[in-house]
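# Sequence first, predicted model second:
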Amino acid sequence: CGLAVADNNTIYGGGNWFQDSAYIVKSVDGGNTWSFIDMHPYASSIIDLYFTSKDTGFATGKSQLPQESGVILYTTNGGASWTKKYENNIFNEYCWKIQRLTRQIYFASLEDLTDVPPKILKSVDGGMSWIVYQVSPVPYNIEGIGFIDPMNGWTGGGPGKSFESKDGGKTWDSVAVCPYMNRVFKVNDTMMLASGNQIWKYKGTGIYPV
C-alpha cells in the first residue's frame, strides 16, 4: 500500500491493507534485495510509510486485535522497534495515508469502516502528537490527503466528492474533484498530483483531471 524512499539505498514498503497483513519490507541496496519486518506485535495492518532518514520514520495502519483502530507508529532504529504516536478507540478504523509538509507539520487521514463521520489528523510537532479534526458530520469514506501549504489541502476517497480545507484542516468543504482519492503527492510549492478515478493535477489556480 505504501513505499518510502529514505535515501539512495534505503526503501521501505508497507504490507497489504487487509487484516493480518502487518508486515514491512526493507531494502538497503536500492531495491536489489529485501528483508522482512514482522509488525504483528504493533499492528494488524500496515498502510503507509514516511521516513525522514534511513533509520527514522512513521508507519500508519490499524492497531492490534481486538480493537483494530487507527494507529501511527514511529521508529528511530530502522524498524527494529516501534512506539505508538497515535491510537484512538474507534473500532475497525485505519490510519490511511500520511504526509510530511514541513519538519513540524504532518497530516494523516483516517478511514472508518463503520458509520462514523470522517476525520483527519494533524501534527505540529514533527509527528510526536496528533490533533483530530472532523471533515464532515455525515459518514463518508476518505483515504488520500495532501496539503500544498500549511493552510490549503484536500482529502477524499469516496465516489462522489472530495473535501477542501483553507484553514489548515480545521474545517472542510465538499468539492467535485478526484473521486476515489487515494494518494496525493506534492511535487513542489505550486504543483500536486492526486490519484483516484484518474490522475488529477493542482497547479496554481485549481485542480484538473490529467
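Looks like it arrived, so ask away. Residues are numbered from 1 along each chain as shown.
# Next up, the contacts around residue 146.
Applying C-beta atoms under 8 Å, 6 or more residues apart in numbering to residue 146 gives the contacts 99, 107, 153, 154, 155, 184, 185, 186, 192, 194. Heads up, the C-betas are built off the backbone N, CA and C, glycines and all.
# switch the cut-off to 6 Å
Contacts were defined as C-beta atoms under 6 Å, 6 or more residues apart in numbering; by that measure residue 146 touches 99, 153, 184, 192.
# Is the first one within a helix or a strand, and which one?
Using DSSP states H and E, the secondary-structure element containing residue 99 is strand 93-100.
# and that strand, how far out from the chain's middle?
Here strand 93-100 is found 2 Å from its chain centre; the criterion is C-alpha atoms, centre = their mean, to the nearest Å.
# what about residue 103, neighbour count?
The local packing of residue 103 (other C-beta atoms under 10 Å) involves 10 other residues.
# just residue 33 next, same as before
When neighbours are defined as other C-beta under 10 Å, residue 33 has 9 of them.
# Name the SS class of it, please.
Assigned by DSSP: H, G, I helix; E, B strand; the rest coil, the conformation of residue 33 is coil.
# what does the model give it for pLDDT?
pLDDT, residue 33: 98.
# and if you look at residue 17?
With respect to pLDDT, residue 17 scores 68.
# for residue 20, same thing?
The model reports residue 20 with a pLDDT of 67.
# Am I right that residue 119 is in contact with residue 130?
No - checked against C-beta atoms under 6 Å, the pair residue 119 and residue 130 is beyond contact range at 10.7 Å.
# so where's this structure shaky on pLDDT?
For the chain, applying pLDDT under 70 flags the ranges 17-20.
# how about the most centrally placed residue in it, what does it touch?
In the chain, the C-alpha nearest the mean C-alpha coordinate belongs to residue 97, at 1.4 Å (C-alpha atoms, centre = their mean). Counting by C-beta under 6 Å, 6+ apart, residue 97 makes contact with 48, 109, 144, 145.
# other SSEs contacting whichever helix or strand comes after the strand holding residue 99?
Per DSSP H and E, the first helix or strand lying C-terminal to strand 93-100 is strand 106-112. Counting contacts by 3 or more C-beta pairs under 6 Å, 6 or more residues apart in numbering; DSSP states H and E, strand 106-112 packs against strand 93-100, strand 119-123, strand 142-147.
# at 7 Å what do you get?
When contacts are defined as 3 or more C-beta pairs under 7 Å, 6 or more residues apart in numbering; DSSP states H and E, strand 106-112 sits against strand 93-100, strand 119-123, strand 142-147, strand 153-157.
# how about the ones you listed, which one is nearest residue 169?
With C-beta to C-beta, the closest approach to residue 169 among these belongs to strand 119-123: 4.9 Å.
# moving C-terminal of the helix or strand hosting residue 174, what's the next helix or strand?
Assigned by DSSP H and E, residue 174 belongs to strand 173-175. Remark: after strand 173-175, the chain's next helix or strand is strand 183-188, criterion DSSP H and E.
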